[in-house]
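> dropping the sequence and predicted coords here.
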Amino acid sequence: MDDIYLITILSNIGMISFIALSAYLLLVVGEISFGQQAFFAVSAYGSGIATAMWGWPIWLGLLWGALVAGAAALVVAIPTVRLRGLYFSVATLAFAEMVRLIFEIFTYQVEIDGELVGPDGSDGFRDIRAIYDSNVSAFEYMLIIYGLLAVVLIGFLILERSRLGAIFRMIGEDPMLTEMQGLNVTKYKILAVVMAGIVAGIGGALYAHLATYVEPKIFNVMLGVHALAYGLIGGLGTAFGPLIGVAIDIGLLESIRAISGYRMIVFGGLVAVLLIVRPRGLLDEAAMHWLRGRWRGLIRAEN
Amino acid sequence: MLRIEGLRRSFGGVAALEELDLAVADGEVMGLIGPNGSGKTTLFNVITGVHQADTGRVLLREEEITRSTPARIVRQGIARTFQNLRIFQRMSVRENVWVAQHSLPGVGPMALMSNRSAAERARKAEVDRLLDAVGLADRRNVLAGSLPLPDQRRLELARALVRSPALLLLDEPAGGMTPAETAEMAALIRDFAVPGRTCIVIEHKLDLISTLCQRLCVLNFGRKIADGEPGRVLEHPEVLEAYLGRDAVNA
């Protein structure tokens, strides 16, 4: 196994982790979104346009992509968060397919050094070359991916200990009882959808610049379904849950060549078995509660 | 404190509340009884905005709250418990009380993200004080869903009290409890929950009612059939009939 192969796999795990965390956040508030790939896509295009066409520096392109994804999420959130269950799922799926179809016809090109650059409908968007033009190596880019992932993950861990994180879990368990604690459930659900959109957007922007090429069909519903499955495998009790799901899928099933041909069979089977045995994933709330209790006990024993 | 005028609410063709008028004075503790389906819980649901009234008005401290959302009504100073227990099962006992503080005045965006400030420490101390008072201090780190039923009722009481509500609505606080547990709960409510606030208690257990209430109101088919001092109300012929049936009264 050569280095570049390993770096590619690790970079993929990192980028997909963002969309997994995005879907996880909505699972925590009790909603199943089949549409997080839309925010991944919007940011991939948005950040690519910013760096390749407008000549923005890469860090600004990433930030822009995440913000555009957040804005798109706000547009989706306002009409859909009052929907519950299946209705919310169908609405997000419809939105994501709409976004994909718009990119199939979206053409916006400018001439740079005698060549046309920019999204060209179903032919996709080529030459998003910012990281190569600024001589960032694949290894350095992987460090950027994991640096940003660490920042987002720390954000999630802080969130989980905070009142805001508790509000999200309350809504996930019993929205009416949450309302009865004096909280405006709609407002906090919109916040969760926007935050999830931004997180997916960071992944999409990173993806566009590593691949240098994006096309609409990459962002089909399978990406969103995988994102959901990662949280359901790894567990909904902690933000580490979806990351475990990504590591199992991409790190094991897709990367070990002997079994990669059976990936979807193993992955689908794993999801089906876990939904029966552990419906809220490996690290569910009860497991995390137990682990935290053990941890507190250890600290007490140390003192 | 609370005034209800001409309140009506029906589900399909069935009237759960019909032209109900009721006033509860500051500091009063009123028992609310009536046979199953007489509209007691529906009344709580309409007061707290879970259900909308068809007609009529609900006023809290002379301010109309009839069309308000549950969240806003709670913030105006009403807290309640539920007949069929509603707790956050996937959270710890302590978290279940802590979460009721999220919308208190003074809990701003900073407090929603960080729990390090002195004000937040004081709020945590208040949670522990309440858990201690209802006898759950030693189980505060247990998952709430694993508590036995009487303890879940105590937990609901602590969660309702953490907001220091002006009006407390208790829906069968001793439901499913043994006589000994009921007596304990009655004492807890009398000595700890009730002092300094207005309270309406739905309960079938008359010993709890007689421990707590200066006043008793009886509903039947969504109408008020008696209202007054408990001893007198319980001898009212319509009340006896509603509970025991006409034959038993005549016999």
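Looks like it arrived, so ask away. Just so you know, these numbers come straight off a predicted model, no measurement behind them.
> ok, for the closest residue to chain A within the stretch 101-250 of chain B, nearest residue in space, not its chain neighbours?
As assessed by CB to the nearest CB, chain A sits closest to residue B:103 within the stretch 101-250 of chain B, at 3.2 Å. Every C-beta, even on glycine, is put in place using the N, C-alpha and C of the backbone. The shortest distance from residue B:103 to any non-neighbouring residue, by CB to CB, 6 or more residues apart in numbering or on different chains, is to residue A:182 (3.2 Å).
> I'd say the one you found and residue B:71 touch.
Yes. The criterion here is CB atoms under 8 Å, and residue A:182 meets it with residue B:71 at 5.2 Å.
> any idea of the pLDDT on residue B:205?
pLDDT for residue B:205: 86.
> and it, what does it touch?
By CB atoms under 8 Å, 6 or more residues apart in numbering or on different chains, the contact set of residue B:205 is B:174, B:182.
> need the overlap of contacts for residue A:182 and residue B:71.
Looking at what touches both residue A:182 and residue B:71 (by CB under 8 Å, 6+ apart), the common residues are residue B:103.
> quick one, which of those two is more surrounded?
residue A:182 (24 against 20; other CB atoms under 10 Å in any protein chain shown).
> just the strands in the stretch 101-250 of chain B please.
Here the stretch 101-250 of chain B has its strands, by DSSP state E, counting those that start in this stretch, at B:167-171, B:198-202, B:215-220, B:223-228.
> quick one, the second one and strand B:167-171 angle?
Angle of strand B:198-202 versus strand B:167-171, following axes from the mean of the first three to the mean of the last three CA atoms, to 10 degrees, is 10 degrees.
> how about strand B:198-202 as PDB, C-alpha atoms only?
C-alpha atoms of strand B:198-202 as PDB (Å, rounded to 0.1, in the frame of the first residue of the first chain):
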ATOM      1  CA  THR B 198     -51.300  29.000  43.600                       C
ATOM      2  CA  CYS B 199     -52.000  25.300  42.900                       C
ATOM      3  CA  ILE B 200     -54.600  23.200  41.100                       C
ATOM      4  CA  VAL B 201     -54.500  19.400  41.900                       C
ATOM      5  CA  ILE B 202     -56.300  16.800  39.900                       C
END
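> name the helices or strands packed onto it?
strand B:29-33, helix B:40-47, strand B:167-171, helix B:206-212 (3 or more CB pairs under 8 Å, 6 or more residues apart in numbering or on different chains; DSSP states H and E).
> list the contacts of the third one.
Right, the one you point to is strand B:167-171. With CB under 8 Å, 6+ apart as the test, strand B:167-171 has contacts from B:1-2, B:24, B:40-41, B:44, B:47-48, B:60, B:77-83, B:157, B:160-161, B:189, B:193-194, B:197-203.
> now with 7 Å, please.
B:1-2, B:41, B:44, B:47, B:60, B:77-83, B:160, B:189, B:193, B:197-202 (CB atoms under 7 Å, 6 or more residues apart in numbering or on different chains).
> and the buried ones among those, selectable in ChimeraX?
To isolate the buried members of the contacts of strand B:167-171 in ChimeraX, using 16 or more other CB atoms under 10 Å in any protein chain shown:
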select /B:1,2,41,44,47,60,77,78,79,80,81,82,160,189,193,197,198,199,200,201,202
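> could you find the closest non-adjacent residue to residue B:67?
Here the residue nearest residue B:67, using CB to CB, 6+ apart, is residue B:52, at 7.1 Å.
> that neighbour in helix, strand or coil?
For residue B:52, the secondary structure call by DSSP: H, G, I helix; E, B strand; the rest coil comes out as coil.
> and it, what pLDDT?
92.
> from chain A, how far out is it?
Look at residue B:52 and chain A: by CB to the nearest CB, to the nearest Å, they are 14 Å apart.
> just for the chain, where's the confidence low?
Using chain A. Within chain A, the stretches with pLDDT under 70 are A:1-2.
> that's the other chain; I wanted chain B
For chain B (pLDDT under 70), the answer is B:246-251.
> tell me the domain boundaries of it?
B:1-77+B:166-251, B:88-164 (automatic domain parsing).
> sorry, back to before: could you export the strands of the stretch 101-250 of chain B to CSV, including columns for distance to residue A:70?
Listed next are the strands of the stretch 101-250 of chain B as CSV, based on distance: least, CB to CB, whole Å:
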stretch, distance to residue A:70
strand B:167-171, 40
strand B:198-202, 45
strand B:215-220, 51
strand B:223-228, 53
